[in-house]
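one predicted model, sequence on top.
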Amino acid sequence: MSGLSPTQRTMKFLREQGRLVGNVEKFNPYAGPFGQKKDLFGFIDILCIDPVDGIVAVQSFGSAWSQHVRKLQEERNEIMFEWLKHSKLELIGWRKLKLKRGGKAMRWFPRIADVTLDKDTDLIVTERK
């Protein structure tokens, strides 16, 4: 799985959990010199149907955890606030960790957080353990 993008890795991970997944992130080859990815509503990479939670939006990325959390909190995306009133949003970041302390073997592990709203319409990002 070393050559997979964070979105591909996340979709595989979600399917293994029994979720139905669909990629809603689009690539525009004409934006900028190298093209640009565009998220659905500016914050959704993947939509999935969970047997328990229903429809869940997922923001997927590599190791830039703090930058993604800060971006969500600073942008104040009104569509995201409306989404969170009706459905769930998860952040899934990927990082490579050693399997054993002192060992050389490394594996990709997800870092997962739930994004919710409090009463004052502030975002709360709660990392799962």
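Arrived safely, thanks for sending. Since we're looking at a predicted model, the values are computed, not measured.

which residues touch Leu89?
43-44, 56-59, 80, 83, 114-116 (Cβ atoms under 8 Å, 6 or more residues apart in numbering). From N, CA and C alone the C-beta is placed, and that goes for glycine too.

ok, of these, which come out buried?
43-44, 56-59, 80, 83, 115 (16 or more other Cβ atoms under 10 Å).

quick one: what helix or strand has Val58 in it?
strand 54-61 (DSSP states H and E).

who does that strand pair up with?
Sheet neighbours of strand 54-61, with direction, are listed as strand 46-50 (antiparallel), strand 88-98 (parallel) (DSSP bridges).

okay, buried residues for the longest one please.
For strand 88-98, the neighbour count (16+ other Cβ under 10 Å) marks 88-94 as buried.

same thing with stretch 18-35?
19, 21.

and the residue lying closest to Leu117 once chain neighbours are set aside, how many neighbours?
Excluding the flanking residues, the one nearest Leu117 by Cβ to Cβ, 6 or more residues apart in numbering is Leu84, at 4.8 Å. Here the number of neighbours of Leu84 (other Cβ atoms under 10 Å) works out to 17.
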